[in-house]
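1. What follows is a protein structure lacking sequence information:
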């Protein structure tokens, strides 16, 4: 997601706290998240409107009233409350408001999965779908082809994920498909997955292994990483036949390579040196 700075970072922190207070059933939260994404798409397409909603010469109350008049009949009370809270804040650049609303919409969908007790499933669904797209070029082309109507691409997402992911995951993937906002589809999905992990203040590690890890092995690895980094760590496990024994763990910019292939490469370098 966007890396906010200064005033905008403080504004986003305020909105995140407001999201933590949002209540409702998972279905209600999914609806609110979808509505916030619809506002993001509207503001992306309407530069005059987004300038009006971030105009520092207007009072915060004026901006909130404008948002209420324009959107009150289009979105529900939960989504509208978050939009009006956002436009009351100060945004040095108009597009920061849209970026913030996208993040808020995504976090409301994260909250929906949290209420379902399926936040781990949400992170896994986003990660796995992104990796599927990397393998299946035809599917990625179908979901990113601008000649195919956006609703048709969204329908394909719903069909692919039906019964396989938490409620909150589907609109996140739909948003990445129909409005990636300058990112590749996999970049957008990975950004949402990291946002979900950050909601619980934990890190995300991609683990490559030649064979599946047992639940006990995953728990031991997560515990070791937690002790090393001082945060809970969510593991995304990739079974990769190209890994010759051991594990390769990627956590942010850091790589912990304990594979046989890596050790052989080290040995060759020492012999050559």
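-> That came through, no problem. Treat the numbers as computed from the prediction; the structure is a model and nothing was measured.
2. Let's verify residue 18: helix, strand, or coil?
-> When classified by DSSP: H, G, I helix; E, B strand; the rest coil, residue 18 comes out as helix.
3. What is the neighbour count of it?
-> Residue 18: 15 surrounding residues under other Cβ atoms under 10 Å. (Each C-beta comes from the backbone N, C-alpha and C, glycine too.)
4. What helices and strands are in contact with the longest helix seen in the chain?
-> When the chain is parsed with DSSP state H, its longest helix is helix 94-116. Judged by 3 or more Cβ pairs under 8 Å, 6 or more residues apart in numbering; DSSP states H and E, helix 94-116 is in contact with helix 6-20, helix 26-45, helix 47-53, helix 77-88, helix 119-135, helix 169-178, helix 185-199.
5. so which of those is the most packed in?
-> helix 169-178 (a mean of 25; mean count of other Cβ atoms under 10 Å).
6. quick revisit: which one, of the helices and strands packed on helix 94-116, ends up nearest to residue 212?
-> helix 119-135 (13.9 Å; Cβ to Cβ).
7. Can you tell me what sits against the helix or strand that the closest one is followed by?
-> Proceeding N to C from helix 119-135, the next assigned helix or strand is helix 137-144, under DSSP states H and E. By Cβ atoms under 8 Å, 6 or more residues apart in numbering, the residues outside helix 137-144 that reach it are 132-134, 148, 153, 156-157, 177, 180, 185.
8. What of stretch 187-199?
-> Here stretch 187-199 has contacts from 1, 103, 106-107, 110, 113-114, 119, 122-123, 126-127, 129-130, 133, 172-173, 175-176, 180-181, 183, 203-204, 234, 236, using Cβ under 8 Å, 6+ apart.
9. swap in stretch 83-98?
-> 2, 4, 6-8, 11, 14-15, 18, 36, 39-40, 43-44, 47, 50-51, 53-54, 56, 60-61, 63-64, 66-68, 71, 75, 100-101, 104.
10. Look up the closest residue to residue 170, ignoring the ones flanking it.
-> residue 161 (5.1 Å; Cβ to Cβ, 6 or more residues apart in numbering).
11. What about that neighbour, how many residues nearby?
-> Residues near residue 161, counting by other Cβ under 10 Å: 17.
12. show me what contacts residue 210?
-> 239-245.
13. Can you tell me the centre-most residue of the chain?
-> residue 192 (0.7 Å; Cα atoms, centre = their mean).
14. how near is that one to residue 107?
-> The gap separating residue 192 from residue 107 is 10 Å, by Cβ to Cβ, to the nearest Å.
15. One more: residue 128?
-> Counting by Cβ to Cβ - residue 128 and residue 107 are separated by 21 Å.
16. what's the answer for residue 29, then?
-> 10 Å.
17. same check, this time on residue 119
-> 12 Å.
18. swap in residue 173?
-> For residue 173 relative to residue 107 (Cβ to Cβ), the value is 16 Å.
19. Likewise for residue 248?
-> Distance from residue 248 to residue 107, by Cβ to Cβ: 31 Å.
20. Ok, residue 155 next?
-> 25 Å.
21. Between those two, which is the more surrounded one?
-> residue 107 (28 against 12).
22. In this structure that one contacts residue 17, no?
-> No - the pair residue 107 and residue 17 does not pass the contact test of Cβ atoms under 8 Å, sitting 10.7 Å apart.
23. before we move on, back to that, what's the nearest residue to the residue nearest to the centre of the chain if we skip its chain neighbours?
-> Nearest non-adjacent residue to residue 192 (Cβ to Cβ, 6+ apart): residue 172, at 4.9 Å.
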